[in-house]
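Asks: what follows is a predicted structure for the sequence shown.
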Amino acid sequence: MATRRGPICVSVINMKGGVGKTTVVALLGRRAAIKDFRVLVVDLDPQANLSQAYMGNAYRRFLTNQQPSIVEVFDGYRPPAGPRTSTTPLDPEDVVHNVYRDGTLAYVPSRFDFSDNLVRAVKPDPKVLSHFIADHFQDRDLVLIDCPPTESVFTRAAYHASRYVLVPVRPEYFATVGFPLLAQSLHTFRTENPAHAIDVLGVVINNGFYDGGNDGGPEKRRAMPEILEEAEKNGWHVFRRQIPHSRGFPKLMRGDRSHGGNSWRFRLFADECLERLGFGGDD
């Protein structure tokens, strides 16, 4: 198990936007915690959709109160604000928020100024996140990183922190446009960091079917052969369980289990994913 040697770190990434990365991270984190694993989720996307999903209406208060976020993790300190008249050390407990009171699911939130903050930096250190996890979160079982869909210092920071990459894809026109970019990005990282083992855990088909007999229609039928061909060419596993289209996912991301429709089906993929990571089979 991962707990004796530190967590298993997984970056959820695709170099194409709109594939449901945040949904996958948010719900996979919840499922792993429900199965009694200790999970840390890191919002590495300046759009902060994951943070807003977990916080809900409290996200505005989080911004107003200038609470520490992934921005301060990369800065390495808290700036003067309010009663603080100088820079102060960043306490990891200040930047981590619990989704569940027992602490089984926690997250590091992002802020909208994250990207600007790094751009202004002289030379952002892509190893900051990996040091942060190594120094403070070895008691976790699983770390999930929600990544933006672009090649940047965010991508390299995620790679440095991760053992695996999980690739969500929607079966639609230009579905695999991000695959070659991701393959090249990983190749470059491995070349520059030969001692760092990082592999693609697999490709998950997101929004792959609708309940009621609609298996995605002609758009999916055209896209799937290309997805499977590209995945095979790169040697990437394709998960057997697909994630359905569900209007219940946004509510489930917030922890609302009322009238979830077919959102329960996400756990079929989640359990397959956790089993592939070595966390045991379905319950």
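Replies: Okay, I see it.

Asks: phi, psi of residue 43?
Replies: Main-chain dihedrals, residue 43, degrees, to the nearest 10: phi -90, psi 100.

Asks: nearest residue to it in space, please, no chain neighbours.
Replies: residue 110 (3.9 Å; Cβ to Cβ, 6 or more residues apart in numbering). Using the backbone N, CA and C atoms, a C-beta is placed for each residue, glycine as well.

Asks: who's in contact with that neighbour?
Replies: 43, 44, 45, 46, 47, 48, 50, 51, 69, 70, 71 (Cβ atoms under 8 Å, 6 or more residues apart in numbering).

Asks: what about the nearest residue in space to the fifth one that is not next to it in sequence, which SS state?
Replies: Of all residues not flanking residue 47 in the chain, residue 148 sits nearest, at 7.2 Å (Cβ to Cβ, 6+ apart). When the structure is reduced to helix, strand and coil (DSSP: H, G, I helix; E, B strand; the rest coil), residue 148 reads as coil.

Asks: before we move on, what about residue 50?
Replies: State at residue 50, reduced to three classes by three-state DSSP: helix.

Asks: can you get me a residue count around it?
Replies: Around residue 50 there are 28 other residues, counting by other Cβ atoms under 10 Å.

Asks: with the one 10 residues further on instead?
Replies: Each residue near residue 60 was counted by other Cβ under 10 Å, and the total is 11.

Asks: same question for the one 4 residues further on.
Replies: By other Cβ under 10 Å, the residues close to residue 64 number 8.

Asks: quick one, longest helix in this structure?
Replies: helix 217-234 (DSSP state H).

Asks: now do that helix: everything it contacts.
Replies: By Cβ under 8 Å, 6+ apart, helix 217-234 touches 169, 171-173, 175-176, 179-180, 183, 200, 203, 205, 208-209, 216, 237-238.

Asks: what residues sit buried inside that helix?
Replies: 220, 223, 224, 227, 230, 231, 234 (16 or more other Cβ atoms under 10 Å).

Asks: over to stretch 24-35?
Replies: For stretch 24-35, the buried set under the neighbour-count rule, 16+ other Cβ under 10 Å, comprises 24, 25, 26, 27, 28, 29, 30, 31, 32, 33, 35.

Asks: in TSV, list these along with secondary structure.
Replies: Listed next are the buried residues of stretch 24-35 as TSV, based on three-state DSSP:
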residue	secondary structure
24	helix
25	helix
26	helix
27	helix
28	helix
29	helix
30	helix
31	helix
32	helix
33	helix
35	coil
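
Asks: just give me the closest of the contacts of residue 110 to residue 253.
Replies: residue 50 (8.4 Å; Cβ to Cβ).

Asks: now do the contacts for that closest one.
Replies: Counting by Cβ under 8 Å, 6+ apart, residue 50 makes contact with 22, 25, 26, 41, 43, 107, 109, 110, 146.

Asks: try it again with 10 Å
Replies: Residues in contact with residue 50 (Cβ atoms under 10 Å, 6 or more residues apart in numbering) are 12, 21-23, 25-26, 29, 41-44, 107-110, 144-146, 253.

Asks: those in helices, which ones?
Replies: Short answer: the contacts of residue 50 in helices (DSSP H) are 21, 22, 23, 25, 26, 29, 253.

Asks: tabulate these (JSON lines), appending distance to residue 264 and pLDDT.
Replies: Below are the ones in helices among the contacts of residue 50 laid out as JSON lines (distance: Cβ to Cβ, whole Å; pLDDT from 0 to 100):
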{"residue": "21", "distance to residue 264": "21", "pLDDT": "95"}
{"residue": "22", "distance to residue 264": "19", "pLDDT": "94"}
{"residue": "23", "distance to residue 264": "14", "pLDDT": "94"}
{"residue": "25", "distance to residue 264": "18", "pLDDT": "97"}
{"residue": "26", "distance to residue 264": "15", "pLDDT": "95"}
{"residue": "29", "distance to residue 264": "16", "pLDDT": "96"}
{"residue": "253", "distance to residue 264": "14", "pLDDT": "84"}
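
Asks: which one of these is nearest to residue 191?
Replies: Nearest to residue 191 among these: residue 21, at 25.0 Å, using Cβ to Cβ.

Asks: who's the residue lying closest to that closest one once chain neighbours are set aside bridged to?
Replies: Using Cβ to Cβ, 6+ apart and skipping the chain neighbours, the partner closest in space to residue 21 is residue 12 (4.9 Å). With DSSP bridges as the criterion, residue 12 is bridged to residue 146, residue 166.

Asks: thought residue 12 was touching residue 165?
Replies: Yes - at 7.8 Å, residue 12 counts as touching residue 165 under the criterion of Cβ atoms under 10 Å.
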